[in-house]
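A.B. asks: Okay, here's the prediction I keep looking at, along with the sequence it came from:
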Protein chains: 2
Amino acid sequence: MTIGGAGRGREGPATLTSLARELGVHVSTVSRALSSRPAGVSAATVEVVRRLAAERGYRSNLAARALRTGRSLAVGMLVPRLTDEVLATVYEGVDEAAIEAGYATLVAHTLDREDLRRQRLELLLARQVDGVVVADSLQDSHAVAQLEEAGVPYVLALRCLPGHLSVGTDDLAGGRLVAEHLLAQGHTRLGVVAGDTRASTGSERARGFLLACEEAGVQVREDVVVPCGFDVRSGAEAGARVLDADPELTAIFAASDNVALGVVGALRDRGRRVPDDVSLVGYNNLDMSAALPVPLTTVDSRLVDIGRAATQALLELVGGGTPVSRRLEPDLVVRSSTRPRSLSTTGRP
Amino acid sequence: MTIGGAGRGREGPATLTSLARELGVHVSTVSRALSSRPAGVSAATVEVVRRLAAERGYRSNLAARALRTGRSLAVGMLVPRLTDEVLATVYEGVDEAAIEAGYATLVAHTLDREDLRRQRLELLLARQVDGVVVADSLQDSHAVAQLEEAGVPYVLALRCLPGHLSVGTDDLAGGRLVAEHLLAQGHTRLGVVAGDTRASTGSERARGFLLACEEAGVQVREDVVVPCGFDVRSGAEAGARVLDADPELTAIFAASDNVALGVVGALRDRGRRVPDDVSLVGYNNLDMSAALPVPLTTVDSRLVDIGRAATQALLELVGGGTPVSRRLEPDLVVRSSTRPRSLSTTGRP
DNA sequence: CCTAGTAAAGCGAACGTTTGCGCTCCACGT
DNA sequence: ACGTGGAGCGCAAACGTTCGCTTTACTAGG
């Protein structure tokens, strides 16, 4: 019960005021001394203030700062779910960039449901996030309208919509890369499990692939281009349809690594093996893909970079700048799931 | 440029003060009327205040509230990474429970690095989170000490440590379930890819499995119990070691679905198939596992429930209660990757 | 020596909320 | 008729920061 005994170690956490009292200076001086670029305060004072702050374990009270400045130093991220490795990877980039800039990330997961999307976005706004990274579906751009109305800056990640600031990879180019790789290996009977073609990601990848095939004079039948979701199960189903439509094909492009995993199952059910009988290419280069039984050839869509770039653009916008949309270049990652046509149906090398 | 024109729709977002001004009552009255359980204010006033608040789209300023009450209405979650589906699933539960209680979740990912763990936890504390769910490794319980020192309530999720509030599943029982299942199917040559045995999760699962085997009089050689990480790659390596140690075994228990996926690869490399040649059981029941080429028999470790329960316990603690540690009961989920010994090496049913 | 100029530090208000306290007023019991 | 009590509401302080403005002190230039 020695309250206020020694005099220095009051009670509770250190605050600007407590530091000022202890040093016999005004609180505003302490505030300035502790700011990132001190102005109007001598170097000596800065030194002594910072020393004491460190000693007392001072931590700026973000709530007070937010109240005073009107900026929460937090960004929101709108996302269907984080159990999807694609989104989790983007989140990783978002959070990294946010932290580097002194921001925190608040995730709102919507499970792709419109009611939740509305509600969760509302929660973000109540926390006065300074901006929002939108990595959710854009079927109904209601969320975007809500953001516009609230006057909160936002940037689209992964998907893109004309007229909005967005960051993604060039999915058209990515689809091309895959086609060129398979064509170079001599494959001519090609199938596509196209992912969700209502999302720009899915449709662009398929389009790039088909465009490159057409240019090379290789025809791809319409019935071996099947859309689906972005999960394993729907990949398996769509893969089955593709294989049943043309049992002779020697290579398949799946618009996502998860989908590719499903296709592996469909192939297996039909007694066909990767890559011995059929070459398979995925998309996204998830961690999982390199570690699969048969390491997957895939396209690195630079998900972490997307997250980083989106957040950087967002923060530039928050700071009053005028960032521009960016389209990152994808990279082909060749692994064991693809093999030249000539080597197919032979034993292992 | 019609600033302050109409008189009602001032500028900027609605605040308690602006509502009070418009209604001609005191701001404290508005505050009380809007509180979850209004006291000291007439029902009529509550009604009229809430109506206007809704109309003006009033949102409580969380920063101001946090400053005043000293509670941020946010909980932190300490986690290695969210690209790990296990952790992402737990997070889902945490966030659900947090939102239900009016809280937000702040994720701090540590990548299993001690320096980051320290730094990210520091960031959480600077944001004055009211409590922290610790789902990170406990090798070095430095984070816990840091929390103790800061006086911030915490609860351990997934892993457990004697003397600390924790929520997890009964991994010992889970391991038993697996053993009983395989033994009931007549398997007697068993291997274990044990995951990270430095974590309670890994060691307990293996221990439960071996205990049940012992009780059934089935001996498991030491060299077919191999520890590893919790990722696909190390699962493949450890799986290879197990298989090389005893090529005759007919069933393998992998302490995680990801590890099981790695084991599938190791089996495949040796020309053995699941479940025709070898039965395989995983752990955690990830979404992925049901959708694999061969749907995986696994143990549902109720990850979402763990997240929910951990958060509920944490909030009870924050509210001054004295919650107790909980151990949830795991469930065996039988799918196609296990098959009675007698049916092995025969064709499909 | 006086004045202008500048750097350093103090002053105080403001951000939006919550909450203990005090005031007013009406209904009730004796 | 007079105190009692409680319901309803106003008052004002406080939470920890930031920042425009003012004051002080010191230096340099004429």
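C.D. replies: On my side now, so go ahead. Please read these numbers as outputs of a predicted model, since none were measured by experiment.
A.B. asks: Show me where the stretch 201-349 of chain A has its helices.
C.D. replies: Assigned by DSSP state H, counting those that start in this stretch, the stretch 201-349 of chain A shows helices spanning A:232-245, A:257-269, A:287-291, A:303-318.
A.B. asks: buried stuff in the shortest one?
C.D. replies: Judged by neighbour count (16 or more other Cβ atoms under 10 Å in any protein chain shown), helix A:287-291 contains these buried residues: A:287-289, A:291. For glycine as for every other residue, the C-beta is placed from the backbone atoms N, C-alpha and C.
A.B. asks: Tabulate the helices of the stretch 201-349 of chain A (JSON lines), appending mean pLDDT.
C.D. replies: Formatted as JSON lines, those follow (pLDDT from 0 to 100):
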{"stretch": "helix A:232-245", "mean pLDDT": "94"}
{"stretch": "helix A:257-269", "mean pLDDT": "92"}
{"stretch": "helix A:287-291", "mean pLDDT": "86"}
{"stretch": "helix A:303-318", "mean pLDDT": "97"}
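A.B. asks: looking at those helices, which is closest to DNA strand C?
C.D. replies: Closest to DNA strand C of the helices of the stretch 201-349 of chain A, according to Cβ to the nearest atom of the strand: helix A:303-318, at 18.3 Å.
A.B. asks: How far does the closest one sit from its chain's centre?
C.D. replies: Helix A:303-318 sits 10 Å away from the centroid of its parent chain (Cα atoms, centre = their mean, to the nearest Å).
A.B. asks: sorry, back to before: identify, out of the helices of the stretch 201-349 of chain A, the most deeply packed stretch.
C.D. replies: helix A:257-269 (a mean of 25; mean count of other Cβ atoms under 10 Å in any protein chain shown).
A.B. asks: do that one and chain B meet?
C.D. replies: Yes: using Cβ under 8 Å from any Cβ of the partner chain, helix A:257-269 comes into contact with chain B via A:261-262, A:264-265, A:268-269.
A.B. asks: among those, which two are most distant?
C.D. replies: Across the residues of helix A:257-269 next to chain B, no pair lies farther apart than A:Leu261 and A:Asp269, at 13.5 Å, counting by Cβ to Cβ.
A.B. asks: what do those two both touch?
C.D. replies: B:Pro293 (Cβ atoms under 8 Å, 6 or more residues apart in numbering or on different chains).
A.B. asks: A:Asp331 and A:Leu303: what is the separation?
C.D. replies: 12 Å (Cβ to Cβ, to the nearest Å).
A.B. asks: I meant A:His109, not that one.
C.D. replies: For A:His109 relative to A:Leu303 (Cβ to Cβ), the value is 17 Å.
A.B. asks: what sits against the residue nearest the centre of chain A?
C.D. replies: Centroid check for chain A by Cα atoms, centre = their mean gives A:Val90 as the closest residue, at 1.9 Å. Shown in contact with A:Val90 (Cβ under 8 Å, 6+ apart): A:79, A:135, A:157-158, A:303-304, A:306-307, A:310.
A.B. asks: pLDDT averaged over the helix or strand encompassing it - what is it?
C.D. replies: Here A:Val90, judged by DSSP states H and E, is contained in helix A:85-100. For helix A:85-100, the mean pLDDT works out to 96.
A.B. asks: avg pLDDT for the helix or strand that it is followed by?
C.D. replies: Note on helix A:85-100: by DSSP H and E, the next helix or strand toward the C-terminus is strand A:104-109. Averaging pLDDT along strand A:104-109 yields 96.
A.B. asks: What is strand A:104-109 packed up against?
C.D. replies: Contact partners of strand A:104-109 among helices and strands, from 3 or more Cβ pairs under 8 Å, 6 or more residues apart in numbering or on different chains; DSSP states H and E: strand A:74-79, helix A:85-100, helix A:114-126, helix B:85-100, strand B:104-109.
A.B. asks: can you do 10 Å?
C.D. replies: Under the contact definition 3 or more Cβ pairs under 10 Å, 6 or more residues apart in numbering or on different chains; DSSP states H and E, strand A:104-109 sits against strand A:74-79, helix A:85-100, helix A:114-126, strand A:131-134, strand B:74-79, helix B:85-100, strand B:104-109, helix B:114-126.
A.B. asks: what's the closest of those to A:Gly321?
C.D. replies: That would be strand A:131-134 among these, by Cβ to Cβ, at 12.0 Å.
A.B. asks: In terms of secondary structure, what does that closest one contact?
C.D. replies: strand A:74-79, helix A:85-100, strand A:104-109, helix A:114-126, helix A:142-150, strand A:154-157, helix A:303-318.
A.B. asks: and of these, who's closest to DNA strand C?
C.D. replies: Among the helices and strands packed on strand A:131-134, if distance is taken as Cβ to the nearest atom of the strand, the winner is helix A:114-126, at 9.7 Å.
A.B. asks: Work out for me the element the closest residue to DNA strand C within the stretch 51-200 of chain A sits within.
C.D. replies: The minimum distance from the stretch 51-200 of chain A to DNA strand C, using Cβ to the nearest atom of the strand, falls at A:Arg68 (3.5 Å). Taking DSSP H and E as the criterion, A:Arg68 maps to helix A:62-69.
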